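S.K.: No letters, just coordinates:
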């Protein structure tokens, strides 16, 4: 089964750009107490990721029919978000009100969701052959 | 009477619609056993050999062939297009051939058994 695909690589790059823009904006909005804009940017960040994953996932689904599509995109989001967030915190220009513990906390909560997603993937994998659901091959 | 005819027609169409979904796979493999083909040729083979009862979109064929390739039942070789871009000439793999043989033996040849054939050709007497 092909794990790394062109669409996944594009998604990882876009996810890094989105996360960087989000963290930059978040630090700026916190510094200027622009809470409404902080909320808007958070929603935009989430929606943009969802929309991008949908489009690239759809394109990949048509090309490869991999049933684990969601998990690979989900795991990629998690890893890229964490890497960029730590990068911004230690190498970038975070607001003094931002704490690294917040990144750890989100990683733990999100990690639990990713773990459940992985369990579901492992359970449903039994119903597949070469990454395609048995009832969708023929 | 007209209602009965209409009902009968609708039921036949509904049955055929369901039947065709499963039949497409068989026809794709039969087309490829006949020889390597590109998608338009597979489509033409299926439509002419089913007397147009199975009409398939090329997009559906591409989707199916991608899945069969992923499970190693088909493959393709690039070939020259006629004045256009290169085409993919699909072929059936030895494993695909073997699975097709088994499928035909277990599911298709049954219909050629004399007792089943006679049932299929038997006409029910018309009730008055």
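M.R.: Received, thanks. Everything numeric in this text was worked out from a predicted model, so none of it was measured.

S.K.: Chain A contacts on chain B?
M.R.: B:22, B:25, B:63, B:66-68, B:70-72 (CB under 8 Å from any CB of the partner chain). (Glycine included, C-beta is placed from N, CA and C.)

S.K.: Buried only: go through the residues you listed for me.
M.R.: Among the residues of chain B next to chain A, those classed as buried by 16 or more other CB atoms under 10 Å in any protein chain shown are B:25, B:66-68, B:70-71.

S.K.: Just say helix, strand or coil for residue 103.
M.R.: All of this is about chain A. Put simply, residue A:103 is helix when judged by DSSP: H, G, I helix; E, B strand; the rest coil.

S.K.: Chain B, not that one
M.R.: On the three-state scheme (three-state DSSP), residue B:103 is labelled helix.

S.K.: can I assume residue B:75 sits in a strand?
M.R.: Yes - the assignment for residue B:75, made by three-state DSSP, places it in a strand.

S.K.: what ranges of chain B fall below the confidence cut-off?
M.R.: B:1, B:125-128 (pLDDT under 70).

S.K.: Just want the most central residue of it.
M.R.: Central residue of chain B (CA atoms, centre = their mean): residue B:27, 2.5 Å from the mean position.

S.K.: Now do the contacts for it.
M.R.: B:45-46, B:49-50, B:54 (CB atoms under 8 Å, 6 or more residues apart in numbering or on different chains).

S.K.: ok, 10 Å please
M.R.: B:20, B:42-43, B:45-47, B:49-50, B:54, B:56, B:61 (CB atoms under 10 Å, 6 or more residues apart in numbering or on different chains).

S.K.: any idea which helix or strand carries it?
M.R.: helix B:2-33 (DSSP states H and E).

S.K.: Please point out which parts of the helix or strand containing residue A:17 sit buried.
M.R.: Residue A:17 is part of helix A:6-31, with elements assigned from DSSP H and E. Across helix A:6-31, burial judged by 16+ other CB under 10 Å covers A:7-8, A:11-12, A:14-16, A:18-20, A:22-23, A:25-27, A:29-30.
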